[in-house]
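> Below are the sequence and a predicted model for it; my questions follow.
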Amino acid sequence: MNVPLQKNNDFARFVSWAVLFATIIIWTSCTPVSYKEFKLSDHWQFRQADENTWLRASVPGTVHADLLNLGLIPDPFIGMNDTLVQWVERVDWEYKTHFRVPRSVRNMDAVKLKFEGLDTYADVFLNGHKILEASNMFLGYEVDVKDFLTGGRNELVVYFHSPVKRGLEKKNKVPYILQATSEQAPEEKRTSIFTRKAPFQYGWDWAPRLVTSGIWRPVTLKAWNQARIIYPYLATDSILNDTAFVTMDVMLEVISPGDYTLITSMNGIEKGRINLEGLEPGEHQVNQNIRIVEPELWWPNGLGEPALQDIEFILERVGRQIDSYSLEFGIRTVRLVQQPDTAGASFYFEVNGIPVFMKGANVIPPDPLLSRDMEKTYRRIISDAVAANMNMLRVWGGGIYKDEIFYQLCDQSGLLVWQDFIFACAIQPGDEAHLENIRREAEYNVKRLRNHASLAIWCGNNENLTAWYRWGWRDLYTPEQAEFIWRTYERIFHEILPQAVATYDPKTAYHSSSPSSINNTVSDRRSGNEHDWTIWFAHAPLANYAQNLPRFVTEFGMQSIPKPETVAYFAGKEVTDIFSPIIDHRQRSRMDWHLPGYSSNNVIKFYAERYFPETGSFDELAFVSRLVQAKGYKTAIEAHRRNMPHCMGSLYWQINDCWPTISWSTVDFFGNWKPSHYAVRNSNEAVIASPVLEDGQLKVYVVSDFLEKENANLMLTLIDMEGNILMQKDFDLIVLPNLSQIVFSEYLSGITGIQTKEWALITRLTGEGIGHENILYPVKPGEMELEPAPVRYRVIEESGVYKIEMVSDKLIKGLSVESENDQVRFCDNYFDLLPGIPKIITTGLQNPGTLQFKSLNSIRAGEAQQAIKN
Ligand code: BMA
């Protein structure tokens, strides 16, 4: 189901103008609805502002995508081509189209053009009249055009000024450098912070620099008579004794004075009817509180159905429908609880009155050339998130406020959204025009997104506070400059943004910075949230995840090199070294300001060498990097979950990529799951058994997200590397709801056989709705013997479903199975094949054909993984 949050009679999408024209006439004569709306998506052309030739363009789109489609620039995602297209950002661009509007539409009471997204400094002309000067890609603009439309051909021209030239003009007015170290440009040329535009497009530590221009969201012509519905506001006030109390306010914009009726219905059943007498022209707020008995509640993924109700508002005048507005609405309460406790203060989300541990990831924009395949990619990201048992995604502050469809899919999938305002790792300018621009952007986006069941929290910025206090930025300025910069910070993040939230979305929490602790202080792990980068940037061991233990983690991560096919896409097939120029170029996490010569490629090597067997070729290192990443995310998520309710959220950095690259993502640009995504899926299961060595003891924790207690069976099997069973225990237990409990602990000295250097403890937890397997090794993979041994396998086809059964005499660690058919995805991959214990994976309906195996054993032995087909 996919009901877009927009006017019901958006009948004209994807139809040609001729069909549209006829449709408008037919509608005008036979329908009582007086609202007309159609997209201007045809006949667009573009040109470089100082050139004569107009070329074919796509709207919505970007100038880079248009140039690419025409073969006028090389694909910036391949090789070092991104360096060849940097000129595009320094040029002004013009777009134009033409359209006709029938008299019946032109004569309506109001006729407006709506621009949902102009990127960024745009002068808009309709039939030669300047109708708009835009300066913020995150703002939608609605312009009255009734007086400028003609009966003939109307021409719409949008002139885009180079964002970097405009940015430079602003920058030159500030007598000191405002820090924006993530931007990929020499310090004196960094302009991202002066323009309200997606920061990551200026280059980030996982993104190329592609500073676009263009009409990145739809342009629509709208016309209506008498009055219309704008900005509904829906919120669940409370749920008590099986009754939900819901606010359903509506703003009416009245042109023609008189009596109106507003009818509200839910799932086709009328819930409210308000007669509004003698409304004068102007905006009128209509407040309604609606009681819903025995509501069907919206639940996050894993806790129940994300039930959505179809809400429709109908505006009538003298029994005739004037306008209508429909949307999906989830009945739920979400509260951020920050209560003082012995450690400091809690930081958790309570959904429908229940504390919920948040499991998820950060999402970055899926492409710097925004609007290319966005919906398709959002669908994929969200299904990857759901498949990995997540219940929250963080829309990170260096990207964009996403399209409606993203939030709709989250609503429908039970994914809560942590929404940053779009500010990241930088200092903002403090001039009044800039602050006013931010205020309008905040109000617009809060109103746009506030009705989504998925929206859980608004957050002011990403790491701006940390940068000021911890990255030494405060010390770069004179006391007067520092005072002004800090005052600007307070105005934006302590005044403008929270005021926008308090005014337009008062039920949703606001947190001023990610990370930060209570009362807007720098993060201290005792309260608020944390980004745990001690592992990775500070080279700390993975064990640190379990020692740091913040209250809620919104970032932690480890990079990996994607699979060979993805590397081949951008680097060709001949890469031999992680330090080769092409790999060095792709690695964007290079921070001379952090440490001279710093590159995350060194960190990939560092962690691979610290934990895993030595590698020879680049491909081997790449393979190992993916396994290290999986180990890291498993270690972190399980540590965070074991320590609930002290810690109540674990969102890793980052689920997706915006181009084929080396990064912290768990799914690469082409949608391939890395080993880490399988690991995350396992560690995020609703109920897990997590074995650990703590204080000389072998302990097993059982963590449950279920809301009811469950009976389960835990089987502990201790084996040596030959597969001999050293200990086996099998016991029934009661899994307590929404809790982490220790169900087994024994001193190592008391366990016979465990003194052998190499052993593995396999935990198998089963019960109704429970099925979790885990393995604990006492030593790092790099310290294991990992002898080469063949995998014996057979492919079984049963009713069209293909199964692969594998077995080996020895432990095969990190076994990857690749099919020659790249459409095939196995239900599991990159697992440890335990000695003598068969493993079956399925492929669904596709024949996997020839299989290729790879493992850590084969890397250690310096030879291919042997596989014998039975
Ligand atoms: C985080 C993010 C990003 C960055 C990532 C990896 O702090 O907020 O700014 O891309 O780390 O360095």
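Thanks, I have the structure now. Quick caveat: nothing in here was measured; it's all calculated off a predicted structure.
> Now do the strands in the stretch 601-750 of the chain.
With DSSP state E, counting those that start in this stretch as the definition, the stretch 601-750 of the chain shows strands at residue ranges 649-652, 687-694, 697-704, 710-720, 725-735, 739-747.
> what is the orientation angle of the third one with strand 710-720?
With axes from the mean of the first three to the mean of the last three C-alpha atoms, to 10 degrees defining the directions, strand 697-704 sits at 150 degrees from strand 710-720.
> And strand 697-704, what does it pack against?
When contacts are defined as 3 or more C-beta pairs under 8 Å, 6 or more residues apart in numbering; DSSP states H and E, strand 697-704 sits against helix 618-642, strand 687-694, strand 710-720, strand 725-735, strand 739-747, strand 759-767. No exception for glycine: its C-beta is placed from N, CA and C like everyone else's.
> Measure how buried His677 is and give me the count.
Around His677 there are 25 other residues, counting by other C-beta atoms under 10 Å.
> separation between it and the ligand?
18 Å (C-beta to the nearest ligand atom, to the nearest Å).
> from memory that residue sits against Asp668, does it?
No. Counting by C-beta atoms under 8 Å, His677 does not reach Asp668; the two are 9.5 Å apart.
> picking that back up, for the ligand, which of the strands of the stretch 601-750 of the chain is the nearest?
The minimum distance between the ligand and the strands of the stretch 601-750 of the chain falls on strand 649-652, with 10.8 Å, by C-beta to the nearest ligand atom.
> Report the beta-bridge partner residues of the residue in the stretch 351-500 of the chain that the ligand sits nearest to.
Proximity of the stretch 351-500 of the chain to the ligand (C-beta to the nearest ligand atom) peaks at Asn462, 4.6 Å away. Bridge pairing for Asn462 (DSSP bridges) gives the partners Ala424, Ser514.
> Next, the buried residues of whichever strand or helix holds Ala235.
In the assignment (DSSP states H and E), Ala235 maps to strand 227-240. Residues 227-229, 231-236, 239 are the ones in strand 227-240 that count as buried (16 or more other C-beta atoms under 10 Å).
> Can you tell me, leaving aside adjacent residues, what's nearest to the residue most central in space within the chain?
Nearest to the geometric centre of the chain sits Val363, at 2.3 Å (C-alpha atoms, centre = their mean). Nearest residue to Val363, sequence neighbours excluded (C-beta to C-beta, 6 or more residues apart in numbering): Leu393, at 5.0 Å.
> ok, which residues in the stretch 651-800 of the chain are in contact with the ligand?
Applying C-beta under 6 Å from any ligand atom, we find that the stretch 651-800 of the chain lies next to the ligand at Trp653.
> Just want the residue of the stretch 651-800 of the chain that's nearest the ligand.
Going by C-beta to the nearest ligand atom, the ligand is nearest to Trp653 of the stretch 651-800 of the chain, at 5.4 Å.
> and the gap between the closest residue in space to Leu279 that isn't next to it in sequence and Ser324?
Spatial nearest neighbour of Leu279, chain neighbours left out: Val254 (4.9 Å); criterion: C-beta to C-beta, 6+ apart. Remark: distance between Val254 and Ser324 (C-beta to C-beta, to the nearest Å) = 16 Å.
> and what of Lys112?
Following C-beta to C-beta, the distance that separates Lys112 from Ser324 is 18 Å.
> the helices in the stretch 451-600 of the chain, which residues?
464-470, 479-489, 497-504, 544-548, 564-571, 581-586, 600-611 (DSSP state H, counting those that start in this stretch).
> In contact with the one residue in the stretch 201-350 of the chain that gets nearest to the ligand, which residues are there?
Per C-beta to the nearest ligand atom, Asp205 is where the stretch 201-350 of the chain lies closest to the ligand, at 4.6 Å. For Asp205, the contact set (C-beta atoms under 8 Å, 6 or more residues apart in numbering) comprises 182, 588-591, 600.
> avg pLDDT for the helix or strand that the strand holding Ala235 is followed by?
Sequence-wise, the next helix or strand downstream of strand 227-240 (DSSP H and E) is strand 243-254. What strand 243-254 shows for mean pLDDT is 98.
> Remind me what strand 243-254 packs against, helices and strands.
Under the contact criterion of 3+ C-beta pairs under 8 Å, 6+ apart, strand 243-254 touches strand 227-240, strand 258-266, strand 269-279, strand 282-286, strand 289-293, strand 309-317.
> How far does the fifth one sit from its chain's centre?
On the basis of C-alpha atoms, centre = their mean, to the nearest Å, strand 289-293 is displaced by 33 Å from the centre of the chain it belongs to.
> Run me through the strand neighbours of it, direction for each.
Applying DSSP bridges, strand 289-293 is found paired with strand 243-254 (antiparallel).
> what is the orientation angle of the partner strand with strand 269-279?
Strand 243-254 and strand 269-279 are oriented at 40 degrees to each other (the same axes, to 10 degrees).
> Show me what counts as buried in strand 243-254.
Counting neighbours by 16+ other C-beta under 10 Å, strand 243-254 gives 244-246, 248, 250, 252-254 as buried.
> just stretch 316-330 next, same as before
Applying a neighbour-count criterion of 16+ other C-beta under 10 Å, the buried positions in stretch 316-330 are 316-317, 321-330.
> for the record, mean pLDDT for that stretch?
pLDDT averaged over stretch 316-330 gives 96.
> CA atoms only for it, dumped as CSV, please.
Provided in CSV are the C-alpha atoms of stretch 316-330 (Å, rounded to 0.1, in the frame of the first residue of the first chain):
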residue,chain,number,x,y,z
GLU,A,316,-17.4,21.3,1.7
ARG,A,317,-19.4,24.4,0.8
VAL,A,318,-23.1,24.2,0.5
GLY,A,319,-22.9,20.4,0.3
ARG,A,320,-20.4,20.6,-2.5
GLN,A,321,-16.8,19.2,-2.1
ILE,A,322,-14.3,22.0,-2.5
ASP,A,323,-11.1,20.2,-1.5
SER,A,324,-9.9,17.0,0.2
TYR,A,325,-6.6,15.8,1.7
SER,A,326,-5.7,12.3,2.7
LEU,A,327,-2.9,10.7,4.5
GLU,A,328,-1.9,7.6,6.4
PHE,A,329,-1.7,8.0,10.1
GLY,A,330,-0.3,5.7,12.8
